[in-house]
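K.L.:
next input, structure requested:
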Amino acid sequence: MALRTLVEAVDALDRDDQGLTFAEEGEEKFLSFASLNQRSRELGEKLAGLGFAKGDRVVMVVASQHEFIQLFLAAARAGAVPVPLYPPFILSQVDAYLAGLDRVLQLTGARALITSAPIMPLLERLESDVRRLTFEDVEGAEEAGELPAVGPDDLAFLQFTSGSTAAPKGVMVPHRTLLENATAIGAHLGISPERDRGVSWLPLYHDFGLIGFTITPMLRQTSIWYLAPLDFARDPTAWPELIHRVGGTAGSAPNFGYELLARRASDEQLERWDLSSWRIAACGAEAIRPQTLERFATKFEPAGFSRRAFLPCYGLAEATLAISLWPVAEEPRTVAVEAAALRDRGAVVPIADDPDAIELMSCGPPLPGHEVAILDPDGGRLPELREGEIAFRGPSVTDGYFEDAAATAASFDPEGWLRTGDLGFLRDGEVYPTSRKKDLIIVAGRNYHPHDVEWCAGEESGVRGGGAIAFAVGGEMGDVAVLVVEARPGVDVEDLRRRLAVRVRARLGLVLKEVVVVDRGELPKTSSGKPRRAELRRRYEDGELAAVDEVAA
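P.N.:
Have a look, this model is predicted:
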């Protein structure tokens with residue numbers, strides 16, 4: 001019988017030879033699937049003993065992946081609704097972090113905040129008087145009696161959106177869509193406990209890591225090794241090092257992860273590593289740049305990596321996770337299109353041997369049993385090779401936004417369609433995302449995708465990796481474009497501004513109103529590394545950007 005809830009899925013875990021291995025604080029902790037079943041039940045009963053009831057929202061700010069997974073599944077068993085959030089990473093931004101955390105606690109009406117013991121002192125300044133617990137508090141509690149029955153329509157968790165284009169919203173993910181999406185992903189990838197070993201550094205408070213590298217392999221009792229996200233941030237090469245060591249077959253990252261590795265991996269490491277086992281290298285969660293995947297594949301081929309392992313994918317929290325996935329073991333497909341036709345008319349005109357063409361990546365067909373349509377501004381369907389808003393329909397569409405009827409009505413229509421807010425087109429039934437609708441830069445009636453401007457800027461040697469964000473602001477004669485970059489130490493700032501303006505105009509035909517250079521760490525990004533263009537635009541318009549005229553060597 002098909003599993004209907006996450007609780008049923010955890011109850012079915014029985015393998016002692018497969019499980020989860022956590023590389024944390026210089027040691028590895030192994031938790032078999034059979035043990036995870038037992039531990040999550042025990043902790044679920046302890047949560048019930050602490051007074052948690054079915055439907056209670058529990059905000060989770062837990063840095064340890066080992067603790068996070070146990071608490072997340074325990075909350076599900078207790079019928080509570082976990083709300084995973086990212087921990088505070090940058091001490092200089094703690095005040096802004098706490099203000100955001102207070103908003104989430106208020107919005108969700110959380111019964112409690114569960115956190116890691118080392119984080120607890122930072123949370124003393126929260127305005128909310130919500131009950132605060134650590135993993136140790138839950139572990140030391142008394143167990144209660146029976147756990148409540150949990151059904152497919154009950155909420156499995158609230159996934160807060162990244163906040164890249166607007167204030168974060170809590171996506172309501174019921175058990176039925178969670179199991180539907182994770183089951184479909186696992187079937188598409190052909191995950192097998194006898195063959196596969198996942199290796200992930202993706203944060204578990206984000207759907208890519210939580211569903212893609214915890215729930216999906218758990219349904220098939222396939223082992224996963226976890227590297228702490230901060231360890232990846234400190235040394236990205238620790239990820240392929242772990243894949244090499246354990247013979248990993250699946251490991252995924254956003255575009256920036258592959259870009260970092262293409263830059264950081266040394267020849268000595270590539271000679272030593274054997275990555276021939278790596279058969280699934282999914283890329284998603286942000287715009288995919290074909291040039292990045294090409295650079296990565298070329299550099300890593302000596303270590304046995306195959307470009308056929310790349311699996312471009314597209315999705316978002318409102319669709320649970322995945323909307324479309326590239327076929328396994330097929331070399332990814334791109335199309336070069338005429339820039340002016342796409343920019344001026346939304347027409348997709350494939351073109352060859354044109355240095356000004358825009359190369360776009362296919363993210364494959366929709367998940368089986370699901371449907372994608374491309375819509376014009378009035379909601380009418382567009383044919384293939386026309387750019388419009390991507391809409392998605394099927395059993396993976398979630399239940400809308402928590403306590404936000406207006407936003408739910410704007411994105412989820414009565415016929416089951418989810419309007420994603422992303423732009424893209426269909427070609428031979430495959431999904432090609434192009435941009436976020438709200439981020440589109442429209443100057444003199446022409447459409448420019450911000451990531452094209454950012455990638456163009458990133459090719460300048462004086463710009464830090466991932467250190468460019470472009471957006472539009474209102475001017476006297478209509479919208480104008482602004483580019484903000486983080487410069488490398490010792491760069492001539494005035495010369496960099498000039499070179500960037502010339503490069504963007506020559507490559508894209510876009511005249512920038514201004515190029516602003518800021519210090520490292522000034523560009524606002526989401527917890528998953530996406531640029532927060534709306535926030536940066538606000539700072540620019542309010543005069544809050546700390547522009548610099550020189551960058552210290």
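K.L.:
if we ignore the residues flanking it in sequence, what's nearest Glu136?
P.N.:
Ala117 (6.2 Å; C-beta to C-beta, 6 or more residues apart in numbering). Quick note: C-beta positions are derived from backbone N, CA and C, even for glycine.
K.L.:
tell me how far the most far-flung residue of the chain relative to its centre lies from Cys283.
P.N.:
Computed with C-alpha atoms, centre = their mean, the residue of the chain farthest from its C-alpha average is Gly145, at 37.7 Å. Counting by C-beta to C-beta, to the nearest Å, the separation of Gly145 from Cys283 is 47 Å.
K.L.:
and Val548, by the same measure?
P.N.:
Distance from Val548 to Cys283, by C-beta to C-beta: 33 Å.
K.L.:
and what of Ala2?
P.N.:
In terms of C-beta to C-beta, Ala2 sits 30 Å off from Cys283.
K.L.:
higher neighbour count, the two?
P.N.:
Cys283 (24 against 7; other C-beta atoms under 10 Å).
K.L.:
give me phi/psi at that one?
P.N.:
Here the main-chain torsion angles of Cys283 (degrees, to the nearest 10) amount to phi -130, psi 120.
K.L.:
which residues does the closest residue to Ile358 other than its chain neighbours contact?
P.N.:
Spatially, and ignoring its direct neighbours in sequence, Ile358 is nearest to Ala339 (5.0 Å; C-beta to C-beta, 6+ apart). Contacts for Ala339 were tallied using C-beta atoms under 8 Å, 6 or more residues apart in numbering; they are 356-358, 508-509.
K.L.:
for those, which one is nearest Leu325?
P.N.:
Using C-beta to C-beta, Ile358 comes nearest to Leu325 of the contacts of Ala339, at 22.8 Å.
K.L.:
test of understanding: give the bridge partners of that closest one.
P.N.:
Beta-bridge partners for Ile358, by DSSP bridges, are Val337.
K.L.:
didn't it look like it was pressed against Asp452?
P.N.:
Yes. Taking contacts as C-beta atoms under 8 Å, Ile358 lies within contact range of Asp452: 6.6 Å.
K.L.:
the helix or strand that Arg499 is a member of: what's the following helix or strand?
P.N.:
Using DSSP states H and E, Arg499 sits in helix 493-508. The element immediately downstream of helix 493-508 (helix or strand, assigned by DSSP H and E) is strand 512-518.
K.L.:
what residues sit buried inside the helix or strand just after that next one?
P.N.:
As assigned by DSSP H and E, the chain's next helix or strand after strand 512-518 is helix 533-541. Within helix 533-541, the residues that count as buried by 16 or more other C-beta atoms under 10 Å are 533-537, 539-540.
K.L.:
lowest-confidence member of those, which is it?
P.N.:
Among the buried residues of helix 533-541, Ala534 carries the weakest pLDDT, at 79.
K.L.:
ok, that one touching Lys438?
P.N.:
Yes. Counting by C-beta under 8 Å, Ala534 touches Lys438, with 7.3 Å between them.
K.L.:
dump the residue contacts of the residue farthest from the centre of the chain.
P.N.:
Gly145 neighbours (C-beta under 8 Å, 6+ apart): 45, 48.
K.L.:
how about 10 Å then?
P.N.:
45, 48-49 (C-beta atoms under 10 Å, 6 or more residues apart in numbering).
K.L.:
likewise Gly379?
P.N.:
With C-beta under 10 Å, 6+ apart, Gly379 has these contacts: 373, 388-389, 391, 413, 417, 419.
K.L.:
by neighbour count, which of the residues you listed wins?
P.N.:
For the contacts of Gly379, neighbours tallied by other C-beta under 10 Å; top is Gly388, 22 neighbours.
K.L.:
tell me the bridge partners for that residue.
P.N.:
Gly424.
K.L.:
let me see the contact set for it.
P.N.:
346, 373-377, 379-382, 423-426, 434, 437.
K.L.:
try 8 Å
P.N.:
346, 374-377, 382, 423-425.
K.L.:
what would the residues you listed look like in TSV with neighbour count?
P.N.:
Below are the contacts of Gly388 laid out as TSV (neighbours: other C-beta atoms under 10 Å):
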residue	neighbour count
Gly346	18
Ile374	23
Leu375	16
Asp376	13
Pro377	8
Leu382	16
Leu423	23
Gly424	23
Phe425	25
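K.L.:
can you tell me the centre-most residue of this protein?
P.N.:
Ala285 (3.8 Å).
K.L.:
just checking, that one touches Tyr258?
P.N.:
No. When contacts are counted by C-beta under 8 Å, Ala285 is not listed as touching Tyr258 (11.8 Å).
K.L.:
of all the contacts of Gly388, which comes closest to Asn181?
P.N.:
Closest to Asn181, out of all of the contacts of Gly388 and judged by C-beta to C-beta, is Gly424, at 19.4 Å.
K.L.:
that closest one reaches Ile374, doesn't it?
P.N.:
Yes. Counting by C-beta under 8 Å, Ile374 is a contact partner of Gly424 at 6.8 Å.
K.L.:
list the residues that contact both of the two?
P.N.:
Jointly contacting Gly424 and Ile374 under the rule C-beta under 8 Å, 6+ apart are 387-388, 390.
K.L.:
mind naming the longest strand for the protein?
P.N.:
Scanning the chain for the longest strand, with DSSP state E as the assignment, gives strand 463-475.
K.L.:
show me what it is in contact with.
P.N.:
Looking at strand 463-475 with C-beta under 8 Å, 6+ apart, the contacting residues turn out to be 256, 259-260, 263, 439-443, 450, 453-454, 457-458, 479-488, 496, 500, 513, 520, 523, 529, 531, 533-534, 536-537, 540-541.
K.L.:
hmm, try it at 6 Å
P.N.:
256, 441, 450, 453-454, 457-458, 479, 481-486, 488, 523, 531, 533, 536-537 (C-beta atoms under 6 Å, 6 or more residues apart in numbering).
K.L.:
just checking, next helix/strand downstream of the helix-or-strand element of the chain with minimal mean pLDDT?
P.N.:
For the chain, using mean pLDDT, DSSP states H and E, the weakest element among its helices and strands is strand 446-448, scoring a mean of 74. Later in the chain than strand 446-448, the nearest helix or strand by DSSP H and E is helix 450-458.
K.L.:
output that next one as PDB, restricted to C-alpha atoms.
P.N.:
Taking Å, rounded to 0.1, in the frame of the first residue of the first chain, the C-alpha atoms of helix 450-458 are listed here in PDB:
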ATOM      1  CA  PRO A 450      19.000  40.400 -14.100                       C
ATOM      2  CA  HIS A 451      21.000  37.200 -14.000                       C
ATOM      3  CA  ASP A 452      22.300  37.900 -17.500                       C
ATOM      4  CA  VAL A 453      23.600  41.200 -16.300                       C
ATOM      5  CA  GLU A 454      25.100  39.600 -13.200                       C
ATOM      6  CA  TRP A 455      26.800  36.900 -15.100                       C
ATOM      7  CA  CYS A 456      28.200  39.400 -17.500                       C
ATOM      8  CA  ALA A 457      29.500  41.500 -14.700                       C
ATOM      9  CA  GLY A 458      30.900  38.400 -13.000                       C
END
